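Visitor: I would like the atomic coordinates for the input below:
(chains A and B, ligands or ions: 2)
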Amino acid sequence: MGKAPRITIEDLSLAFRTGTGPFVALDRVSFDIAPGSFVSVVGPSGCGKSTLLKLLSGVYSPTSGRILFDGKPVEKERLQGQVGYVFQRALLLPWRTALQNVMLTMEVARRSMTRAQREAEALKWLEIAGLKGFEHRFPHELSGGMQQRVSICRALAFRPQILLMDEPFGALDEITRETLQNELLQLWQQTETTVVFITHSIPEAVILSEQIVVMSARPGRVVERINVPFPRPRVDSVREHPDFVEMAGHIRSLLHPRAHAIAAE
Amino acid sequence: MYRLSVTLGQFLVFVVFFAIWELLVDLLHIRPVILPAPTAIAEKIWENRALLLKESWPTFAAISLGFIAAVVSGFLLAVGIAYSRIVRDLTYPFLIAAQILPKIAFAPLFLIWFGFGLTPKIVIAALIAFFPIVINTAKGLTSVDKELLQYMDSLGSSGWEKFTKISLPWALPYIFAALKISITLAIVGAVVGEFVAAGEGLGYVINSSNITLNTELMFAAIVTMSVLGILMYLAIVLLERYMLPQGQLEDSGHSTM
Ligand SMILES: Nc1ncnc2c1ncn2[C@@H]1O[C@H](COP(=O)(O)OP(=O)(O)OP(=O)(O)O)[C@@H](O)[C@H]1O
Ligand SMILES: [Mg+2]
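Guide: Ligands and ions are numbered 1, 2, ... in the order given. This next block holds a predicted model:
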């Protein structure tokens, strides 16, 4: 498995066809994602965060603009097996058990693995996510948060170079969330994985990422990109740090609707 | 405990039904040619067991072959409808119209077209079993959660993989619902086929004993026919149990969160 590519997003726009004419979900979004970096995207509901991830994963094609991986336009074949995507919904296959659901990504994107290897890997991730004992449950027998954790395991288990995570920890309790945040950070630090992480929690974005992309809604645009310089590990200490409080306050003010009106002038 | 008493109760309903039947025939002195008593029918079945077993085979063959033909062709057309817009737009109105048509009414015509024997029975059985398969399977294949397919796209999966790993399992509950409807229709089709265009089979026995006013034999054949139908229906239910994981049997609808 090679190194993660440098991702270049150039003037990316996407308009959906709707009953009332085209709807611009993303408007000329541009930014770079360095290989192995951890980028969070925050923005109000409906500003196009999920849409951005669907473009990055090759699920949608842009109306205009482009996405480059190491300078080359993204094509589906080149994406194969590189992108692990945690959708906003858990999106588990109802006819597969938790274990079989986690194995899905490896079946599709890691053909060289044997069945036993896939199973071992899936079991390992389920255990990390606190789902030991639930491996053979069907999705409808799991709670919403457990389903979401299975979905996260599924994305991590095949060790993609790029991880796209759409509010992965939104439905979880504080403790489970911290465990998984730490796991994710560890994985990210040990491997060369690039993480693009969507969240509604400003502290979460600050604690996890190297860079935060702040978006505004209607149309979805990038308002500001913020580098997060705090030393790691951050989890315990950083919340009290005065710079942390200031940065969080700044992001909050950017997300506040009035801020756009001012910025637009 | 509740399960047990319900099973017992369900059994009792059958017993009461046949007891009242037996009693009425006895008390009202109904002649066997009008309505034979259950015990008389049972006796008749036992007497004619060799004949009934022998005549079950052609009926069974007609039902099975007609049903299989309907399932295979119905499935293929459904895949066409689900994946090709032009196939969908061209065939759908025709299919809906054809489904409403009383296809049984064509049975005598098939005698003219396909002659006497196995072929017209199979054709009628297949024809009426076909439509539920197409329509349900197409509905199952097209109702797949779009984001599940997008998820597969994000993994770079091929169209074939999306079909076998997502669409087909998604459609299975729909397909089994259709199979259960279609098998009963195939039975009706085969029997009607035997009424009009056959010299053997349970339908033929029912028809010919009706003409000779041998009502007891007629009932014996009807009962055999019912048992055959129930067994074939059960075979599908068993297959469904085996093929659908418990996750989909519980609430046959789908919910991906
Ligand atoms: N398939 C679609 N067809 C039409 N409009 C869509 C479609 N998908 C998304 N949109 C619209 O595009 C905009 C962006 O949607 P998106 O799901 O990317 O928002 P989001 O930032 O992820 O929001 P949230 O934080 O609520 O998840 C929304 O206004 C939405 O209504
Ligand atoms: Mg979203």
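Visitor: Strands of the stretch 51-200 of chain A, residue ranges please.
Guide: A:64-69, A:72-73, A:83-86, A:162-166, A:194-198 (DSSP state E, counting those that start in this stretch).
Visitor: Among the ones you listed, show the one with the smallest mean pLDDT.
Guide: With a mean of 81, strand A:72-73 has the lowest mean pLDDT of these.
Visitor: ok, A:R252 - how many residues close by?
Guide: A total of 12 residues lie near A:R252 under the criterion other Cβ atoms under 10 Å in any protein chain shown. For the C-beta atoms, the positions are set from N, CA and C on the backbone; glycine is no exception.
Visitor: Now it: closest residue in space, sequence neighbours ignored.
Guide: A:I202 (6.1 Å; Cβ to Cβ, 6 or more residues apart in numbering or on different chains).
Visitor: Return the distance of the one you found relative to A:I212.
Guide: For A:I202, the distance to A:I212 (Cβ to Cβ, to the nearest Å) stands at 9 Å.
Visitor: Relative to A:S209, how far out is the residue nearest to A:R252?
Guide: Separation of A:I202 from A:S209 (Cβ to Cβ): 11 Å.
Visitor: With B:P108 instead?
Guide: Applying Cβ to Cβ to B:P108 and A:S209 gives a distance of 77 Å.
Visitor: So which of the two has more stuff around it?
Guide: Neighbour totals were compared for B:P108 and A:S209, and A:S209 leads with 22 against 12 (other Cβ under 10 Å).
Visitor: Could you point out the longest helix of chain B?
Guide: If you go by DSSP state H, chain B has its longest helix at helix B:49-83.
Visitor: Residues of the stretch 1-150 of chain B that sit close to chain A?
Guide: B:145, B:147-148, B:150 (Cβ under 8 Å from any Cβ of the partner chain).
Visitor: Which of those has the largest number of neighbours?
Guide: Greatest neighbour count in the residues of the stretch 1-150 of chain B next to chain A, by other Cβ under 10 Å, goes to B:L148: 22 neighbours.
Visitor: Counting neighbours, what do you get for A:M106?
Guide: A count of nearby residues for A:M106, using other Cβ under 10 Å, gives 23.
Visitor: Let me see the backbone angles for the residue nearest the centre of chain B.
Guide: Here the mean C-alpha position of chain B is nearest to the C-alpha of B:I183 (Cα atoms, centre = their mean), at a distance of 1.5 Å. Here is the backbone geometry of B:I183 (degrees, to the nearest 10): phi -60, psi -40.
Visitor: Spit out the contact partners of it.
Guide: Shown in contact with B:I183 (Cβ atoms under 8 Å, 6 or more residues apart in numbering or on different chains): B:63, B:67, B:129, B:229, B:232-233, B:236.
Visitor: now it: how far from B:L234?
Guide: Look at B:I183 and B:L234: by Cβ to Cβ, they are 10 Å apart.
Visitor: The nearest residue to A:F230 once chain neighbours are set aside and A:P168, how far apart?
Guide: Sequence neighbours aside, A:V238 is the residue nearest to A:F230 in space, at 5.4 Å (criterion: Cβ to Cβ, 6+ apart). Using Cβ to Cβ, one gets 20 Å for the distance from A:V238 to A:P168.
Visitor: So these two - more neighbours on which side?
Guide: Set A:V238 next to A:P168 and count neighbours by other Cβ under 10 Å: A:P168 wins out with 26 against 19.
Visitor: and the more buried one, what is it in contact with?
Guide: Each residue near A:P168 by Cβ under 8 Å, 6+ apart is listed here: A:86, A:148, A:151-152, A:180, A:197.
Visitor: which of the residues you listed come close to ligand 1?
Guide: Under the cut-off given by Cβ under 6 Å from any ligand atom, ligand 1 has nothing from those close to it.
Visitor: As a markdown table, those residues with distance to A:F38 and neighbour count would be great.
Guide: Output for the contacts of A:P168, formatted as a markdown table (distance: Cβ to Cβ, whole Å; neighbours: other Cβ atoms under 10 Å in any protein chain shown):
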| residue | distance to A:F38 | neighbour count |
| --- | --- | --- |
| A:V86 | 14 | 25 |
| A:Q148 | 20 | 28 |
| A:S151 | 20 | 27 |
| A:I152 | 16 | 25 |
| A:L180 | 14 | 21 |
| A:F197 | 7 | 26 |
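Visitor: burial of the closest residue to ligand 1 within chain B, as a residue count?
Guide: At 8.6 Å from ligand 1, B:K146 is the closest residue in chain B, using Cβ to the nearest ligand atom. Neighbours of B:K146 under the rule other Cβ under 10 Å: 8.
Visitor: likewise A:A116?
Guide: For A:A116, the count of nearby residues is 8 (other Cβ under 10 Å).
Visitor: count of residues packed around A:I212?
Guide: The number of residues packed near A:I212 is 25, by other Cβ under 10 Å.
Visitor: Within the helices and strands, which one has it?
Guide: If you go by DSSP states H and E, A:I212 is part of strand A:211-216.
Visitor: In chain A, what residue comes closest to ligand 2?
Guide: A:S50 (3.1 Å; Cβ to the ion).
Visitor: Now for that residue: which residues touch it?
Guide: Counted by Cβ under 8 Å, 6+ apart, A:S50 has contacts A:88, A:166, A:198.
Visitor: Let me know the helix or strand that it is in.
Guide: In this assignment (DSSP H and E), A:S50 forms part of helix A:49-56.
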